[in-house]
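# I would like to see how this sequence folds:
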Amino acid sequence: MKQKIFLIGLPGAGKTTMGLDLAVDLGIQFVDLDQDIEKAEKCSIKEIFAEKGEAHFRQLEKFHLEKVINELDAFVMAAGGGTPCFFNNLDIMQKAGTVCYINTPIDKIQQRLAKDTSRPLMKNQSLESLLEKRKEWYNQADHTIQEYKELIKLF
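Below you'll find the model as predicted:
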């Protein structure tokens, strides 16, 4: 069966790590949406935010999301933390495949991100405030999980 699996959640939730593992276990391609954008734009997300702003980044994000969906038959995608919250991206993902919310406890994410300075939206707000803004989208996912063993059972 051709599968399109989208992992959503806060920055540092483990979308990339779990996504890579799931793709290997399922024998399908892994796509990190942020890395896909950085490769195409030949600069970092941090630089895109600084030079062209969040609105421009969100347009790029939507374009690359749709491009991957249209070009690949099966994949596991680690979406950016904000991807489902803009335009109709969540609807697009749900129509194309299965959306899984990686609901990692905030204290665990804080430990992971303690030394990470590459995340532009984390400079001016807490993880709690970011979650508060995004949870209405995250909670619409097809599945909510915390650990990889829960994720692999779904597929």
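# all helices of this structure, in order?
If you assign secondary structure with DSSP state H, the helices in the chain sit at 15-26, 33-41, 45-71, 89-96, 106-113, 127-138, 148-154.
# K62 and I37: what is the separation?
Remark: distance between K62 and I37 (Cβ to Cβ, to the nearest Å) = 10 Å. C-betas here are computed from N, CA, C, even on glycine.
# Between the two, which is the more surrounded one?
Neighbours around K62 and I37, counted as other Cβ atoms under 10 Å, are more numerous at I37. The numbers are 20 against 16.
# for this structure, what are the low-confidence residue spans?
By pLDDT under 70, the weakly predicted segments of the chain are 1-2, 115, 117-123.
# quick one: contacts of stretch 73-83?
The contact list for stretch 73-83 (Cβ atoms under 8 Å, 6 or more residues apart in numbering) reads 2-11, 13, 15-16, 18-20, 22-23, 26, 28-34, 45, 58, 61, 65, 68, 89, 93, 121, 130, 134.
# how about 6 Å then?
Residues from elsewhere that reach stretch 73-83 (Cβ atoms under 6 Å, 6 or more residues apart in numbering): 2-8, 10-11, 15-16, 19, 22-23, 28-34, 61, 89.
# Tell me the buried residues in stretch 147-155?
Buried positions in stretch 147-155, judged by neighbour count with 16 or more other Cβ atoms under 10 Å: Y148, L151.
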